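Undergrad: sequence first, then the predicted structure, then my questions.
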Amino acid sequence: MSKLSPLMEQYYREKKQYPDALLLFRVGDFYETFAEDAVVVARDLNIVLTSRQKDDEGNKIPLAGIPYHLAGIPYHALDAYLARLIRAGHKVAICDQVEDPKLAHGLVKREITRVVTPGTIIEPAMLDEASNNFLAALVREEGMEGTEKTGRLGLALVDVSTGEFLTTEIDERSLGAELAKFRPAECIASFAPACECSRLQILDQAVFSRESASDALQSRYGEGWMDRLNLGDRPLSLRACGAILSYLHSTHFDALGHLRDVRHYSGSQFMVLDDVTLRNLEIIRNIRDRSRRGTLLEFLSRTRTAMGSRTLSRWIQMPLLSLDAIERRLSAVEELVNDPLLRESLAEELKGSADLERLMSRVSCGSASPKEMVVLRLSLARLPALQAILEKAGSTYLSDLRLRLSPCPEVVALLERSIADDPPSHLREGGVVKEGYHEEIDQLRSLLRDGRGWISALESKERDRSGIRSLKIAYNNVFGYYLEVSRANLHLVPPDYIRKQTLANAERFITPELKEMETRVLSAQERSVSLEQEIFASVRSTVAGYSLPIQERAAAMAELDVLAAGSNGRAGCAGSPGGSCLRERPGPAGVQPGGQNLPAGSTASRSG
DNA sequence: CTACACTTCGGGAGAC
DNA sequence: GTCTCCCGGAGTGTAG
């Protein structure tokens, strides 16, 4: 019988942990896929499907009777391909090399480090900045497993890309309206819901048990979680929240420092806009192509930040019912309408501000790049200016926002001191840590400067010695440092040069002293880069400790953005000078709080 | 036993 | 400027 190679044994060991996912298996510089996965990946990514062995005519054949196709992508291109696989509807498990190959005995150790699903992504390239990306969990009250759809449900929603975590308990017949509102990218459930539900997975009942949920909540929120999160008398919410945390854990998404406390909401706080209403009034998506073109959202979309556009879309879909809350918003908007200077300076300050919520999620998960850390600093550095602008605001909402926008001077100062102002986007070549932040880095860099200075001094010394005016010393990855002499001057080359490479118009040489200096320069370089990676990771994790306060400020910026955008739209309205029109109808008429205007039978069509 | 060829895709180096 | 080639890197397989 055929026997698998050690690598393939390792591959199948990992593969069987997530049989429903494509496994991207890191081998050297590539993420490989094998066998059936390779066939799928080659088709969906339009990359070459190859094989280890070829027959006499050069055709690819299976190895030892086992289909041994392979298709792979270089590791640095992972994000782009991952986005395409997720968009094509796949679940993708990433298996990485978890030990240094230089120190490994035999096969390098490999482990699955993340399972990427539509509801657990934090890569900006894979997300729409103007909408949330929710993962939903649904659990149904016991004893309701029959066919009637009258049970109570626990619904939990988490957006790991922003850290938002919401829950509610609802009647099963209003599920369609809830899902239409949040449009989760992925759902897990303890039962098969009667309405349309994207990327639905029905998981084992144990995941939704009270015990399992309690454990999951305790491990994220610590002792006292039940009171702090107010879940004591909401058993369905508790189970849904716990299930969602367990599911995140099963995808190795454990870096949840940025996940905020669970927020309860209830249908009675907001006007119910069911899926039919949302669709027919073209509030978020139009009827024709389901894009934003021509919708209310697009009409109102004057926000300056991504956070603001997400908040705006939430506000539109969940209109307030409380008169006090509506008044509060309107007073703020009115003040902004009447004070163009205030409005304009806020808009100006918000413009170009980064998506702090999503940045912080990436910081917290350890995936933020050096450039992203700089963007974070620049955005946080705007807080004092925003506060100063709001200094003269009189409405309670704007004054509250001013307080909520208090700066984070420690974080800004740390980033300012430690990260270069214009760092490279990745950590591979160093240049990330700022001069003066770390003594050893500074020493290594001065060593490197001396070494390079020595090499350029050698260049002029060798020019003088040989009389070759055009002689130059250069570097490439294949030969390291070398002396290059053009063809015309080859007769002048000193006898101690060692020839390494011949080009069309030149030859390349080395000398022992050049190679000796090269070794010193390269080892300093290597040490420097690995030290920079350590320092960067430690700065990032320090900043991650500020996730919650920074996300609180991000939320305040988002609200401010929506208010400023709303007032801008109003001021631009022909025939409505001032804000007088704002208060004609403070509360939407004819709304029944918590009313269920969606008959059970009218839930969205479903197939199968 | 060692040496070497070979395997995806992207990017850099070299040729023109 | 564009076009072409070959390396990255861990692992496998084969030739000597």
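TA: Sure, I can see it.
Undergrad: can you give me the buried ones in the lengthiest helix in chain A?
TA: Selection of the longest helix in chain A by residue count, based on DSSP state H, yields helix A:512-544. Under the neighbour-count criterion of 16 or more other CB atoms under 10 Å, helix A:512-544 has A:514, A:517-518, A:521, A:524-525, A:528-529, A:531-532, A:535-536, A:539-540, A:543-544 buried. For every residue, glycine as well, the C-beta is placed using N, CA and C.
Undergrad: and DNA strand B, is stretch A:106-122 touching that?
TA: No: shown here: stretch A:106-122 not in contact with DNA strand B (CB under 7 Å from any atom of the strand), separated by at least 12.4 Å.
Undergrad: is that stretch positioned near DNA strand C?
TA: Yes: against DNA strand C, stretch A:106-122 shows contacts by CB under 7 Å from any atom of the strand at A:107-108.
Undergrad: avg pLDDT for that stretch?
TA: What stretch A:106-122 shows for mean pLDDT is 96.
Undergrad: one step back: which elements pack onto the longest helix of chain A?
TA: When contacts are defined as 3 or more CB pairs under 8 Å, 6 or more residues apart in numbering; DSSP states H and E, helix A:512-544 sits against helix A:356-364, helix A:370-380, helix A:409-418, helix A:439-466, strand A:480-486.
Undergrad: okay, these in TSV with distance to residue A:162 and mean neighbour count next?
TA: Putting those into TSV (distance: least, CB to CB, whole Å; neighbours: other CB atoms under 10 Å) gives the following:
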stretch	distance to residue A:162	mean neighbour count
helix A:356-364	4	26
helix A:370-380	15	20
helix A:409-418	18	16
helix A:439-466	34	14
strand A:480-486	47	20
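Undergrad: before we move on, the earlier item: okay, the angle between the longest helix of chain A and helix A:356-364?
TA: 120 degrees (axes from the mean of the first three to the mean of the last three CA atoms, to 10 degrees).
Undergrad: before we move on, the earlier item: figure out which of the helices and strands packed on helix A:512-544 is closest to DNA strand B.
TA: strand A:480-486 (8.7 Å; CB to the nearest atom of the strand).
Undergrad: tell me the first helix or strand C-terminal of that closest one.
TA: strand A:498-502 (DSSP states H and E).
Undergrad: now for that next one, which elements pack on it?
TA: strand A:506-510.
Undergrad: and the strand it packs on with DNA strand C, contact?
TA: No: against DNA strand C, strand A:506-510 shows no contacts by CB under 7 Å from any atom of the strand, the least distance being 14.4 Å.
Undergrad: returning to that earlier point: mean confidence for the longest helix of chain A?
TA: 91.
Undergrad: give the other helices and strands that the next helix or strand after that helix contacts.
TA: Downstream of helix A:512-544, the first helix or strand assigned by DSSP H and E is helix A:547-571. Packed against helix A:547-571 by the contact rule (3+ CB pairs under 8 Å, 6+ apart) you find helix A:296-300, helix A:306-317, helix A:323-338, helix A:340-350, helix A:356-364, helix A:383-390, helix A:396-404.
Undergrad: buried stuff in the longest one?
TA: So that's helix A:323-338. A:326-337.
Undergrad: what do you get for the fourth one?
TA: Of the residues in helix A:340-350, those with enough neighbours to count as buried (16+ other CB under 10 Å) are A:342-343, A:345-347, A:349-350.
Undergrad: take the residues you listed and write them to a markdown table, including distance to residue A:487 and pLDDT.
TA: Shown next, in a markdown table, are these (distance: CB to CB, whole Å; pLDDT from 0 to 100):
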| residue | distance to residue A:487 | pLDDT |
| --- | --- | --- |
| A:342 | 71 | 95 |
| A:343 | 69 | 93 |
| A:345 | 65 | 94 |
| A:346 | 66 | 95 |
| A:347 | 63 | 94 |
| A:349 | 61 | 95 |
| A:350 | 61 | 96 |
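Undergrad: going by distance to DNA strand B, which of the residues you listed wins?
TA: For the buried residues of helix A:340-350, the nearest to DNA strand B is residue A:350 (33.0 Å; CB to the nearest atom of the strand).
Undergrad: re earlier: need the helices and strands packed on helix A:547-571 in TSV with distance to DNA strand B, can you?
TA: Shown next, in TSV, are the helices and strands packed on helix A:547-571 (distance: least, CB to the nearest atom of the strand, whole Å):
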stretch	distance to DNA strand B
helix A:296-300	34
helix A:306-317	25
helix A:323-338	45
helix A:340-350	33
helix A:356-364	20
helix A:383-390	35
helix A:396-404	41
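Undergrad: mean pLDDT for these: which is lowest?
TA: Minimum mean pLDDT among the helices and strands packed on helix A:547-571: helix A:296-300, a mean of 74.
Undergrad: distance between it and the chain's centre?
TA: Offset of helix A:296-300 from its chain centre (CA atoms, centre = their mean, to the nearest Å): 26 Å.
Undergrad: in that helix, what counts as buried?
TA: Those buried within helix A:296-300 under the rule 16+ other CB under 10 Å are A:296-297, A:300.
Undergrad: who does it touch, helix- and strand-wise?
TA: Using 3+ CB pairs under 8 Å, 6+ apart: helix A:296-300 touches helix A:306-317, helix A:547-571.
Undergrad: neighbouring contacts of it?
TA: A:281-284, A:292, A:312-313, A:316, A:565-566, A:569 (CB atoms under 8 Å, 6 or more residues apart in numbering).
Undergrad: how about stretch A:378-385?
TA: A:349-350, A:353-354, A:356, A:359, A:405-408, A:411-412, A:415, A:550, A:553.
Undergrad: start to end distance for it?
TA: 12 Å (CA to CA, to the nearest Å).
Undergrad: interface residues of chain A facing DNA strand C?
TA: For chain A, the residues in contact with DNA strand C (CB under 7 Å from any atom of the strand) are A:5-8, A:27-30, A:32, A:52-53, A:63-64, A:72, A:74, A:97, A:101-102, A:104, A:107-108, A:477-478.
Undergrad: could you pick out the buried ones from those residues?
TA: A:8, A:27, A:30, A:32, A:63, A:72, A:97, A:108.
Undergrad: I'd assumed residue A:75 was in contact with the third one.
TA: Yes: under the contact definition of CB atoms under 8 Å, residue A:30 touches residue A:75, with a separation of 6.6 Å.
Undergrad: ok now do residue A:186, which residues does it touch?
TA: Contacts of residue A:186 (CB under 8 Å, 6+ apart): A:117-120, A:135-136, A:198-199, A:201.
Undergrad: possible to save these as TSV with secondary structure, distance to residue A:400 and neighbour count?
TA: Formatted as TSV, the contacts of residue A:186 follow (DSSP: H, G, I helix; E, B strand; the rest coil; distance: CB to CB, whole Å; neighbours: other CB atoms under 10 Å):
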residue	secondary structure	distance to residue A:400	neighbour count
A:117	coil	37	23
A:118	coil	36	20
A:119	coil	32	28
A:120	coil	33	22
A:135	strand	30	25
A:136	strand	31	26
A:198	coil	36	14
A:199	coil	38	16
A:201	strand	40	14
